[in-house]
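[1] Need coordinates for the following:
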Amino acid sequence: MDHIIRVPMGKSNSYLIKGNKGYILIDAGTQNKHENIKCALKRFKANLSDIKLIIITHVHYDHVGSLYQIKKESTAPVLVHTSEQADLANGFTYFPKGTMAFSKAISNISNKFFLSKKQFQPIKADIIIDDSFNLNTYGVEGEVIHTPGHTRGSICIILEGKYCFTGDTMFNLLPGSVYPPFANDEELLIESWKKINSYNCLKYYPGHGKEFDKEKFKISLAKRT
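    All right, here's what the predicted structure looks like:
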C-alpha cells in the first residue's frame, strides 16, 4: 500500500501511515534512529512536523528508543496504553518472558545481568487509552485496540478494516509461524489473537520481520487453539 511505509529502526520496525491530515507514526525503534524516519519522510517531501500522532504498541526499548527525539522535533502527541504509561515515564521495563527454550534463556539472562535503571529517555504520554481509540480525527480510517499478552499494555492498530499493525503481538522471523518468542502472558496472548482474528484483516505488519498475509496468521492461530 502506498500509504503504509515500513521504516527499519534497528532491531524493530516503525511504520508511517499517510492520512489526509498528515502522518501517523507507529513505534520509534531503538536509540539514535530518528534520522531513519526523517529520511523516509523526505522521500515523500515531508518532515517530522508532518507527523500528527505517535502510537507506541508497547513500551520496550527497541520500540521507544528514538521516541524522545522524534517527539521533540515533531511535537506530535504520544499515545500509549494506560497500563504502560508509568513505564514510559520511568524509562524502564523488564525483559519479557520467553515462550520457547531459546527465548526463555535469553529472557532470564537479560533480566539478571543486562538491565540498567534507565533503558531509554523517559517520556510523558499525551493520550492514554484503555480498550480502544478511534483514529478518524487524525485523518485515517482506523482504530487502536488493546491486545495484551506480549506485555500487559500491548496494542494493535486496525487500518481500514484490512491491515493490522501488530507490534510484538506477532513476529515474522520464523517460517510457518508468527508466534512471538517473548510474551509475559501466553493465555492472554491467544485471547488477543482471537480478537484480532475477528477483524479478518488481509495483511499484517509486525514489529519484527516483514509483512505477511492472513493465511500465515490463521495457520499459526490454529496451532495454538
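
[2] neighbouring strands for the helix or strand harbouring Glu143, and are they parallel or not?
    Glu143 is part of strand 142-146 when elements are defined by DSSP states H and E. Taking DSSP bridges as the criterion, strand 142-146 pairs within the sheet with strand 132-134 (antiparallel), strand 155-159 (antiparallel).

[3] Give me the residues contacting the last one.
    For strand 155-159, the external contacting residues (Cβ atoms under 8 Å, 6 or more residues apart in numbering) are 4, 17, 26, 55, 57-58, 81, 129, 135, 140-147, 164-167, 169, 192, 196, 199, 201. Where you see a C-beta, it was placed from the backbone N, CA and C, and this is true even at glycine.

[4] Let's see which of the residues you listed end up in strands.
    4, 17, 26, 55, 81, 129, 142-146, 164-167 (DSSP state E).

[5] quick revisit: out of the strands paired with strand 142-146, the one nearest Lys42 is which?
    strand 155-159 (23.1 Å; Cβ to Cβ).

[6] which parts of the closest one are buried?
    By neighbour count on 16 or more other Cβ atoms under 10 Å, the buried set for strand 155-159 is Ile155, Cys156, Ile157, Ile158, Leu159.

[7] mean confidence score for that strand?
    Regarding strand 155-159, the rounded mean pLDDT is 98.

[8] buried sites along the one helix or strand in the chain whose mean pLDDT sits lowest?
    Within the chain, no helix or strand scores below helix 101-109, which has a mean of 85 by mean pLDDT, DSSP states H and E. Under the neighbour-count criterion of 16+ other Cβ under 10 Å, helix 101-109 has Ser103, Ile106, Ser107 buried.
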